[in-house]
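J.: Provided below for reference: sequence and predicted model.
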Amino acid sequence: MHVEFRPLPAAPIDVLDDPVRAALLGAHAHLAERRGRVLRYPVDVAPFLSMPADAGPADWRDVAALAGEGGEVPLTGPVLLPPPGWQEARNVPGVQLTGEHIGGRHDPGVVRLGPADVPEMLDLVERTKPGPFRPRTVELGVYLGIRHGGALVAMAGERLRPPGWTEISAVCTDPAHRGRGLATRLVLAVAAGIRERGETPFLHASAANTPAIRLYERLGFRLRRTTEFRTVRVPAPARIEGRS
């Protein structure tokens, strides 16, 4: 069943410039860990961390205190230049797409996933590599799956929730079951729930994952911006303080 929805007043789209920060100050505030002006999710929920746009030395010291020496810190939001001594661990080009015209579709063949399903979810993620997924990621929103012969073979769910928006994430299908439209069914089913709350779906993908991007565009998602999935590594304390 397709979800019919009336056009809603446009949600502020600038919150998507740093959806991690917007979510941690909003719908996920109960999960936020804070040190100074730095916000992050608990590490067993999600790896994401957000710094203020005008981050200075004190903010970088707070990041180091949160992550610990040698810790890898995914950066979101405005592009920030790390201080001397910090190393970039990885930088993957990505895209952000929005689904203002997507209504979604309920699907009686999908099932709601919860804490009891986490071991299977983690196993599926390990085999398909859709992006970060931790033992408590399921707490961020609604996760739906498709089972075949009792086994979980595909899933998708809700991750970041900046005001007015919900990110669709962890879209993955077991390789033996691809080509059957399972990802399409799940994305539309998750989108249906998002729309019923009066919110708009959006998502991220690696720029190199052209099959996924083509799928999302066929469903009605449109490119909003390119982005980078950047991770930096915390240096030794002496280097953080600028000592030799």
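T.: Done, it's in.

J.: which residue ranges form the strands in this structure?
T.: Taking DSSP state E, the strands of the chain run over residues 33-35, 38-40, 49-50, 72-75, 87-98, 111-113, 143-148, 151-158, 165-173, 200-206, 222-233.

J.: For Arg134, which of those is the nearest?
T.: Of all the strands of the chain, it is strand 165-173 that lies closest to Arg134, at 10.5 Å by CB to CB. Where you see a C-beta, it was placed from the backbone N, CA and C, and this is true even at glycine.

J.: ok, and the helix or strand in this structure with the lowest average confidence?
T.: Sorted by mean pLDDT, DSSP states H and E, the helices and strands of the chain end with helix 237-240, the least confident at a mean of 60.

J.: Might you report the residue contacts of the closest residue to Pro135 other than its chain neighbours?
T.: Nearest residue to Pro135 in three dimensions, chain neighbours excluded: Asp44, at 5.1 Å (CB to CB, 6 or more residues apart in numbering). Contact analysis of Asp44 by CB atoms under 8 Å, 6 or more residues apart in numbering lists 134-136.

J.: who touches the residue lying closest to His28 once chain neighbours are set aside in this structure?
T.: Excluding the flanking residues, the one nearest His28 by CB to CB, 6+ apart is Arg161, at 6.2 Å. Residues near Arg161 by CB under 8 Å, 6+ apart: 23, 26-28, 140-141, 167, 199.

J.: From Ala58, how far out is Arg161?
T.: 28 Å (CB to CB, to the nearest Å).

J.: what's stretch 57-72 in contact with?
T.: For stretch 57-72, the surrounding residues in contact (CB under 8 Å, 6+ apart) are 33, 35-38, 40, 49, 51-52, 73, 82-83, 86, 89, 231-237, 240.

J.: List the buried residues for that stretch?
T.: For stretch 57-72, a neighbour-count test (16 or more other CB atoms under 10 Å) marks 59-64, 66-67 as buried.

J.: How about stretch 108-128?
T.: 110, 113, 117-118, 120-121, 124-125, 128.

J.: circling back: write a PyMOL command that selects only the buried members of the contacts of Asp44.
T.: To isolate the buried members of those in PyMOL, using 16+ other CB under 10 Å:
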select buried, resi 134+136
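
J.: of the contacts of Asp44, closest to Thr173?
T.: Arg134 (20.1 Å).

J.: Can you pull the poorly scored residue ranges out of this structure?
T.: The chain contains residues with pLDDT under 70 at 1-11, 238-244.

J.: per-domain residue ranges of it.
T.: 14-94+229-240, 96-226 (automatic domain parsing).

J.: For Gly193, list the residues it contacts.
T.: When contacts are counted by CB under 8 Å, 6+ apart, Gly193 touches 104, 142, 158.

J.: meant to ask about Val45
T.: So Val45 contacts 31, 134, 136-137, 139-140 (CB under 8 Å, 6+ apart).

J.: try 10 Å
T.: Counting by CB atoms under 10 Å, 6 or more residues apart in numbering, Val45 touches 28, 31, 33, 132, 134-140, 159.

J.: Please list only the buried members of the residues you listed.
T.: Looks like the contacts of Val45 have 28, 31, 132, 134, 136-140, 159 buried, using 16+ other CB under 10 Å.

J.: Output the longest helix belonging to the protein.
T.: In the chain, with assignment by DSSP state H, the single longest helix is helix 182-196.

J.: Sort out which residues of that one are buried, please.
T.: The neighbour-count check on helix 182-196 (16+ other CB under 10 Å) flags 182-195 as buried.

J.: cool, and stretch 209-219?
T.: Using 16+ other CB under 10 Å as the test for burial, stretch 209-219 gives 212-213, 215-216, 219.

J.: what's the neighbour count on Trp165?
T.: Applying other CB atoms under 10 Å, we find 25 residues neighbouring Trp165.
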